[in-house]
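Colleague: sequence-free structure coming up:
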């Protein structure tokens, strides 16, 4: 079964949706939950994850910003250390494909952050504070330190 993580795109209308199989999705949903501080929101995210979706754009602030920054900056390292560590990669037939798929969510989060910083984001919803100067409309060129 394919599951979904949806990221906010501001007014751009871009579809920032990331799909994964249940195993990878469950690991990512657990990662997202670690960055949600409000207990009620944690319960809502947990319920959504059980149903197969996490809508990051629906999280209230500051949880939305915390999750986006964590996905962009910390998820790639988490993928390398926890989801697909070297001992797991050694047993896989084509680990680069799986690792790239997992890390593609970090690129989408970077794109979401750029869109928030450069578009007319809805009133009362701050753009993500950070250095987005290295990001362009080409998601693959968005490289932030981990």
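Modeller: Structure received. Bear in mind the structure is a predicted one, so any value in this text is a computation, not a measurement.
Colleague: enumerate every residue touching residue 70.
Modeller: Going by C-beta atoms under 8 Å, 6 or more residues apart in numbering, residue 70 touches 31-32, 34-35. Bear in mind the C-beta positions are built from the backbone N, C-alpha and C, glycine included.
Colleague: of these, buried ones?
Modeller: Buried residues within the contacts of residue 70, counting neighbours by 16 or more other C-beta atoms under 10 Å: 31-32, 35.
Colleague: wait, which of these is closest to residue 76?
Modeller: Minimum distance to residue 76 across the buried ones among the contacts of residue 70 is 11.2 Å, recorded for residue 31 (C-beta to C-beta).
Colleague: what's the neighbour count on the closest residue to that closest one other than its chain neighbours?
Modeller: Residue nearest to residue 31 in three dimensions, not counting chain neighbours: residue 78, with 5.8 Å by C-beta to C-beta, 6 or more residues apart in numbering. Neighbour count of residue 78, defined by other C-beta atoms under 10 Å: 21.
Colleague: for residue 78, grab phi and psi.
Modeller: With angles defined as degrees, to the nearest 10, residue 78 sits at phi -60, psi -40.
Colleague: for residue 60, same thing?
Modeller: Dihedral angles (degrees, to the nearest 10) for residue 60: phi -70, psi 160.
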